[in-house]
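Visitor: Only the shape, not the letters, is given here:
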């Protein structure tokens with residue numbers, strides 16, 4: 001049983017193109033697939049991620065991720081080493097140059113999301129003020145991971161260690177379904193557009209000196225991505241928008257861009273395209289970062305319950321639009337360099 005990335009499993013998963021074929025693929029691997037919502041999300045049962053996966057299971061899980069965009073495992077006993085080993089079966093983990101103090105020093109592939117609670121304090125703000133100044137719209141929290149990069153991660157694998165007794169759910173939306181749900185004229189219009197994605201969009205500066213503004217200016221990250229991305233494995237067209245990074249549709253005025261982005265983001269986050277997951281200790285979510293956006297919870301900060309999550313991201317490619325034109329870096333990003 002290999003512990004490395006299996007390119008043959010990737011190619012086999014791409015060939016599983018119908019729900020019936022997926023069901024047979026999953027069954028043959030000794031697993032059970034339980035869809036959670038109409039357009040996105042499925043639970044997978046029968047896999048012991050800590051014990052390692054055989055090739056048939058890797059193929060089935062990859063195919064399920066491509067079809068359902070995010071899959072869930074419960075009751076897993078993964079430690080940091082097992083988490084990284086599981087991720088390596090599906091791609092090359094990202095190694096971040098900088099992480100917070102909560103992340104495990106011996107596992108550079110893992111970022112512990114409790115680090116995010118430190119960020120406001122680094123810039124002289126409590127966590128709530130920092131969040132409030134960054135939330136310029138009610139949909140601001142919807143994002144893909146590292147979307148301002150020219151090569152955003154292909155996938156993310158998030159593991160729950162400690163979760164609140166209630167609250168703290170994560171929600172994902174299927175951007176391929178959102179694109180398909182647009183009217184034909186709007187799809188044709190969006191197909192030819194591109195947008196700048198930038199770190200720090202919509203931030204409201206503090207009066208006087210603002211350490212976070214200085215940080216953004218010193219660490220600018222921005223890329224121009226197609227507004228409609230073609231998925232490199234499924235061929236689906238994906239409405240590549242989010243509330244976190246998208247600055248402006250290029251070649252449109254700011255007013256035109258704002259109105260169109262508001263419409264498209266509202267379409268992308270329609271409830272029928274989403275799934276919401278209730279975490280438990282030992283839960284694992286594995287999602288396609290190329291075809292989804294997700295919303296982290298904001299309903300537990302006032303409760304004081306700990307929430308410790310660990311994530312591994314898999315390196316991704318440079319997005320390409322309907323016309324085949326790839327994304328372009330603007331500043332602070334180059335392919336493969338984290």
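Guide: That came in fine, so what should we check first? What you see is a predicted model, and the numbers here were worked out from it, not measured in a lab. Numbers count the residues shown, from 1 in each chain.
Visitor: alpha carbons only for contacts and neighbour counts from here, please
Guide: OK.
Visitor: hang on, residue 33 in a strand?
Guide: Yes - applying DSSP: H, G, I helix; E, B strand; the rest coil, one finds residue 33 inside a strand.
Visitor: Next, count neighbours for it.
Guide: Neighbourhood size, residue 33 [other C-alpha atoms under 10 Å]: 19.
Visitor: where exactly do the strands run in the stretch 101-250 of the chain?
Guide: 111-112, 155-162, 170-174, 194-198, 222-226, 228-230, 237-239, 246-249 (DSSP state E, counting those that start in this stretch).
Visitor: Tabulate these (CSV), appending mean neighbour count and distance to residue 37.
Guide: Listed next are the strands of the stretch 101-250 of the chain as CSV, based on neighbours: other C-alpha atoms under 10 Å; distance: least, C-alpha to C-alpha, whole Å:
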stretch, mean neighbour count, distance to residue 37
strand 111-112, 24, 28
strand 155-162, 23, 20
strand 170-174, 23, 11
strand 194-198, 24, 29
strand 222-226, 27, 28
strand 228-230, 28, 23
strand 237-239, 26, 19
strand 246-249, 24, 27
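Visitor: wait, which of those strands is closest to residue 296?
Guide: strand 170-174 (5.2 Å; C-alpha to C-alpha).
Visitor: who does that closest one pair up with?
Guide: Applying DSSP bridges, strand 170-174 is found paired with strand 274-277 (antiparallel), strand 292-295 (antiparallel).
Visitor: Skipping its backbone neighbours, what lies nearest residue 285 in space?
Guide: residue 72 (4.6 Å; C-alpha to C-alpha, 6 or more residues apart in numbering).
Visitor: Can you show me the helices along this protein?
Guide: 7-14, 19-28, 55-68, 80-88, 119-122, 127-134, 175-181, 184-191, 211-218, 254-268 (DSSP state H).
Visitor: Which of those helices has the lowest mean pLDDT?
Guide: When those are compared on mean pLDDT, helix 119-122 scores lowest, with a mean of 68.
Visitor: quick revisit: show the pLDDT at the residue nearest to residue 285.
Guide: pLDDT for residue 72: 98.
Visitor: Please apply the same query to residue 1.
Guide: pLDDT, residue 1: 44.
Visitor: Contact partners for residue 104?
Guide: Residue 104 makes contacts with 110-112, as judged by C-alpha atoms under 8 Å, 6 or more residues apart in numbering.
Visitor: okay but residue 169 is in contact with residue 275, surely?
Guide: No - using C-alpha atoms under 8 Å, residue 169 makes no contact with residue 275, being 10.2 Å away.
Visitor: Residue 128 versus residue 75, what's the distance?
Guide: The gap separating residue 75 from residue 128 is 32 Å, by C-alpha to C-alpha, to the nearest Å.
Visitor: wait, I meant residue 40
Guide: As for residue 40, its distance to residue 128 is 31 Å (criterion: C-alpha to C-alpha).
Visitor: Flag the shaky bits of the chain, pLDDT-wise.
Guide: For the chain, residues meeting the criterion pLDDT under 70 lie at 1-8, 114-120, 136.
Visitor: For it, list the residue farthest from the centre, please.
Guide: What lies farthest from the middle of the chain is residue 208; by C-alpha atoms, centre = their mean that is 34.4 Å.
Visitor: which one of the strands paired with strand 170-174 lies closest to residue 324?
Guide: Closest among those, using C-alpha to C-alpha: strand 292-295, at 20.4 Å.
Visitor: quick one: contacts for residue 70?
Guide: 40-42, 172, 285-288.
Visitor: repeat that for 7 Å
Guide: 40-42, 285-288 (C-alpha atoms under 7 Å, 6 or more residues apart in numbering).
Visitor: So residue 173 is in contact with residue 273, correct?
Guide: Yes - between residue 173 and residue 273 there is a contact at 5.4 Å, judged by C-alpha atoms under 7 Å.
Visitor: Now for residue 124, how many residues are close by?
Guide: Residue 124 has 13 nearby residues by other C-alpha under 10 Å.
Visitor: swap in the one 4 residues further on?
Guide: Residue crowding around residue 128 was assessed by other C-alpha under 10 Å; the count is 13.
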